[in-house]
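> Here is my input; please provide its structure:
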Amino acid sequence: MVKNLICLILVSLLLGCKTEHLAQTDEIKIAFMADVHFADVFPNLEEEIFNILPNIKNNKRALIRTMKAQLHSTRLFNENYFALIAALDDAVKREIKIIVFPGDFSDDGQPLNIKGLNKILNTYAKNYGLSFFFINGNHDPTRPFGDDGGKQDFLGNNGKAQPIMSKEGMFNSNSEFENPGLVLEDLEEWGYQEIVGELANHGFFAKEEYIYWATPFSTYTYEEYNFRKASEASALDDRIFYFKESSTVLPDVSYLVEPVEDLWLLALDANVYLPKEDKSSFSAAGIGYNEVLKHKKYLLEWTQKVVQQANKLGKILIAFSHYPMVEFNDGASEDLKNLFGVDAFQAHRIPNKIVGETFANMGLKLHVAGHMHLNDTGLITTKNGHTLVNIQTPSLAGYIPAYKVITRKKQNRLDVQTIVLDTVPGFDSFFTLYEKEHEFLKVNGDKQLWNKEILLSKNYLEFTEWHLKELIRLRFLSTDWSKELTELVINSTGWELLLLSNLKREMLESELDTNEIGSLVFNSSEITSENIEEELQKEGLTKDDFINWKGEDLIFDFYRFRNGDQLALHLVDARRIKAYEMLANAVNENTQNERLTSLRYLMIIVLKQMHGEPSVNFSIDIENGGFYKN
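Numbering: from 1, shown residues only. Below you'll find the predicted structure:
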């Protein structure tokens, strides 16, 4: 290797070539770890708080949220502490030196958690030479200038919930299910200044080892660059914009960095905090680029300049931010709205088509996002022929836990790999504490008791799978699904749904004239179609391939495909997938049966989620845009 490098240098000198382009032959790896929602479960606390925390062993006490809280949330609060460490260890084994965090790296930006995160990252930077690059999400910070904070559902040492807030007067404990509340100032929610100040070594500010660093507000060019100028431009007081809607100035911590030769990372701060009606404070961020296009036009202008400069200088440009630039539902967004309502499944967070078109027409080829806790790839091509690929990085704090690795091996090609965290050492550290919580809730007649089988999980992937199952049962079925659709699907076998999908309208009216969907499904099992068995044989399936699963399995797989996209295809039985495809075709062809409308939409969504753009391992053509074709 060294001999080859010396030869290349000698050849370059003899031919008069510039040696700075040698870096283009080197392999560059960048890991993207989104939505970690880090919480320091082992903080150093004053004695008053420390003594009320549950004890794991040898007086090692943990500041964790209850399992009940976790199973009603789209993210884990506790085990992701170990998931982050496992992901960092995995990245070290893969010899990855650059790690990017596209927002929600903390769970509400509390100083306790930001300091704990920084301590871990500084250790990895020192021991393994890792470089970290952050951009903020809607959970860090929750408000631009901070806010009071805390939670009422930490776990106490007696199995009860333990309220802990950042100041007095923020809680009224329910004595039956909660311990008396406590105050811990380190649970306030930090604003921009405090968060980026603590994480100053991780991209938010210029460092001498960076080849280049700039902001939307810096004025020097690439040719004029030096560290002194960049250091001055780093000052947060100079990185502000006037927000006319609130007649105030707000910070923007977007930046461009060249950490290694010819690689540009563009970190876009897409948080938009709108003033409340009384203008006393701000609403939380969370909408993303639909609001950026309205309120941060300077960010669009700067991005276009960066793209043009990258093209001129021959730099590989990878943009990243917390929010997606392209639709992330595999083209099923309208179907989701038709089935579940216009506000369901975070529809307000779906970027308008003009967002992707705007950035694509700038010439931006690749953007990496988080926020949605989904594994997905979005692709948009404009009328002008410009193509933008948007990679949705899964969360480490939910199903399917994974991170992305982008590798540059060839000059115009970026290889994308998705690394699933199935094994996480220590993920079961709190199981004995959860057992105590479960016993307390059971004895006290909790109306939504969580399933204790989750504590039998053998690995982290299985644990997150259980988390999703319980989230569906305890929350999603009541908030997302209509009573009609639930009754139609949940208690039926796949075989009953297939038979129902082959019924014609006249059969429904004459033989199954009932308003009870459950009865309709039950009676449909007694009606056969001479074509069904023949169709099964054509598809290489049998009746057992439909009898062996119920509608509740279909609902679970619906969420698995939604969260994991093509990752889930590797985890769902292949014959089950073929059965879903056959059911979808049957219900889509039977347009006479109006009662199947909701099932039809459901299966359309499932089909689209199973057959979207490549989202596990694929390559991107960074020069021409779109996917790289060998």
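
> Where do the strands of the stretch 101-250 of the chain begin and end?
131-135, 150-155, 161-165, 182-183, 212-214, 240-243, 248-251 (DSSP state E, counting those that start in this stretch).

> Over the fourth one, what's the mean pLDDT, rounded is fine.
The reference is to strand 182-183. Average pLDDT, strand 182-183: 92.

> next one: stretch 258-268
97.

> which parts of that stretch are buried?
258-260, 262-268 (16 or more other Cβ atoms under 10 Å). In short, each C-beta sits where N, CA and C put it, glycine included.

> before we move on, the earlier item: please tabulate the strands of the stretch 101-250 of the chain in JSON lines, including the columns distance to residue 319 and mean neighbour count.
Listed next are the strands of the stretch 101-250 of the chain as JSON lines, based on distance: least, Cβ to Cβ, whole Å; neighbours: other Cβ atoms under 10 Å:
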{"stretch": "strand 131-135", "distance to residue 319": "10", "mean neighbour count": "23"}
{"stretch": "strand 150-155", "distance to residue 319": "34", "mean neighbour count": "23"}
{"stretch": "strand 161-165", "distance to residue 319": "38", "mean neighbour count": "23"}
{"stretch": "strand 182-183", "distance to residue 319": "41", "mean neighbour count": "18"}
{"stretch": "strand 212-214", "distance to residue 319": "14", "mean neighbour count": "23"}
{"stretch": "strand 240-243", "distance to residue 319": "19", "mean neighbour count": "15"}
{"stretch": "strand 248-251", "distance to residue 319": "20", "mean neighbour count": "16"}
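
> Turn those into a markdown table, columns for distance to residue 610.
Below are the strands of the stretch 101-250 of the chain laid out as a markdown table (distance: least, Cβ to Cβ, whole Å):
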| stretch | distance to residue 610 |
| --- | --- |
| strand 131-135 | 31 |
| strand 150-155 | 36 |
| strand 161-165 | 39 |
| strand 182-183 | 48 |
| strand 212-214 | 42 |
| strand 240-243 | 43 |
| strand 248-251 | 42 |
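
> Of the ones you listed, which is nearest residue 281?
strand 248-251 (11.1 Å; Cβ to Cβ).

> Strand partners (parallel or antiparallel) of the following helix or strand past the closest one?
As assigned by DSSP states H and E, the chain's next helix or strand after strand 248-251 is strand 255-258. Note on strand 255-258: by DSSP bridges, its sheet partners are strand 212-214 (antiparallel), strand 263-268 (antiparallel).

> So which of the strands of the stretch 101-250 of the chain is nearest residue 595?
Of all the strands of the stretch 101-250 of the chain, strand 150-155 comes closest under Cβ to Cβ, at 41.5 Å.

> quick revisit: of all the strands paired with strand 255-258, which one is nearest residue 482?
Closest approach to residue 482 among these (Cβ to Cβ): strand 263-268, 37.6 Å.

> so which of the strands of the stretch 101-250 of the chain comes closest to residue 502?
Here strand 150-155 is closest among these (Cβ to Cβ), at 47.8 Å.

> ok, residue 357 - how many residues close by?
Neighbour count of residue 357, defined by other Cβ atoms under 10 Å: 19.

> Name the nearest residue to the spatially most central residue of the chain, ignoring sequence neighbours.
Centroid-nearest residue in the chain: residue 373, 2.4 Å away (criterion: Cα atoms, centre = their mean). Excluding its sequence neighbours, the residue lying closest to residue 373 (Cβ to Cβ, 6 or more residues apart in numbering) is residue 395, at 4.0 Å.

> Report the contact partners of the one you found.
By Cβ atoms under 8 Å, 6 or more residues apart in numbering, residue 395 lies in contact with 34-37, 75, 104, 370, 373, 401.

> run the last query once more with 10 Å
33-37, 74-76, 80, 83, 104, 370-375, 401-403, 464, 563 (Cβ atoms under 10 Å, 6 or more residues apart in numbering).

> What of residue 96?
Contacts of residue 96 (Cβ under 10 Å, 6+ apart): 28-31, 88, 90, 128, 130, 403, 405-407, 419.

> for residue 354, same thing?
If a contact means Cβ under 10 Å, 6+ apart, then residue 354 has 289-290, 293 as its contacts.

> Just the buried residues from the residues you listed, in PyMOL please.
Restricted to buried positions by 16+ other Cβ under 10 Å, the PyMOL selection for the contacts of residue 354 reads:
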select buried, resi 289+290+293
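
> Out of the contacts of residue 354, which sit inside helices?
Of the contacts of residue 354, the ones assigned to helices by DSSP state H are 289-290, 293.

> Closest one of these to residue 619?
residue 289 (25.4 Å).

> Let me know whether that closest one touches residue 296 as I believe.
Yes - here residue 289 reaches residue 296: they are 9.1 Å apart, a contact under Cβ atoms under 10 Å.

> any residues in contact with both of these two?
Common neighbours of residue 289 and residue 296 (Cβ under 10 Å, 6+ apart) are 268, 270, 272.

> Regarding the last one, what is its secondary structure?
Using DSSP: H, G, I helix; E, B strand; the rest coil, the three-state assignment for residue 272 comes out as coil.

> and it, how far is that from residue 250?
9 Å (Cβ to Cβ, to the nearest Å).

> overlap in contacts of those two?
144, 243, 282, 295-296.
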